[in-house]
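K.L.:
Need coordinates for the below:
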Amino acid sequence: QVQLVESGGGLVQPGGSLRLSCEVSGFSSDVYGIGWFRQVPGKEREGVSCISMSRDDGSTDYADSVKGRFTISRDNAKNTVYLEMNTLKVEDTAVYYCAAEEGFVYGLRYFRPDYWGQGTQVTVSS
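P.N.:
As a prediction, this is how the structure comes out:
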């Protein structure tokens, strides 16, 4: 049974930083990808970033709105994916979800989650 558990959300001032974590369990191989999505009330959920968990790959992808500010990384030994968020803006405020797609991943545009975490709130406000 695949489980994704997010942590690290909170309240931060504009220009500040936060690091989200997604602890993954239940996969029998490393052929899968992890993505971060976010959603605000009244809007569609949008992809933020994704990473391949294959030990031979590790490719990453980002939405244009977060390129240069957010960094996704992984620790395969801990089965954990991180989203380092810097220079946060008020418009980054959302519930952030960790998601997993089985098989090979081909970038954020083609990421189709099979599993979702429960979400963690990120609020950027002065």
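K.L.:
what residues are up against the residue positioned nearest the centre of the chain?
P.N.:
Against the mean C-alpha coordinate of the chain, by CA atoms, centre = their mean, the closest residue is residue 36 at 2.3 Å. Contact analysis of residue 36 by CB atoms under 8 Å, 6 or more residues apart in numbering lists 20, 22, 47-50, 72, 81, 83, 96-99. Backbone N, C-alpha and C define where each C-beta goes, glycine included.
K.L.:
Helix or strand for it, just tell me which one.
P.N.:
Assigned by DSSP states H and E, residue 36 belongs to strand 32-39.
K.L.:
Check what contacts the helix or strand where residue 20 lies and list those residues.
P.N.:
According to DSSP H and E, residue 20 maps onto strand 18-25. The contact list for strand 18-25 (CB under 8 Å, 6+ apart) reads 2-10, 12, 34, 36, 53, 78-85, 88, 96, 98, 100, 117, 120, 122.
K.L.:
Quick one: residues contacting residue 111.
P.N.:
Applying CB under 8 Å, 6+ apart, the residues near residue 111 are 33, 35, 47, 50, 99, 101, 105.
K.L.:
Please repeat the previous calculation with a cut-off of 10 Å.
P.N.:
33-37, 47, 49-50, 61, 99-101, 105 (CB atoms under 10 Å, 6 or more residues apart in numbering).
K.L.:
what does residue 61 give?
P.N.:
Applying CB under 10 Å, 6+ apart to residue 61 gives the contacts 33, 35, 47-52, 67, 72, 105-111.
K.L.:
Residue 88: neighbour count?
P.N.:
22 (other CB atoms under 10 Å).
K.L.:
how about residue 100, secondary structure?
P.N.:
strand (DSSP: H, G, I helix; E, B strand; the rest coil).
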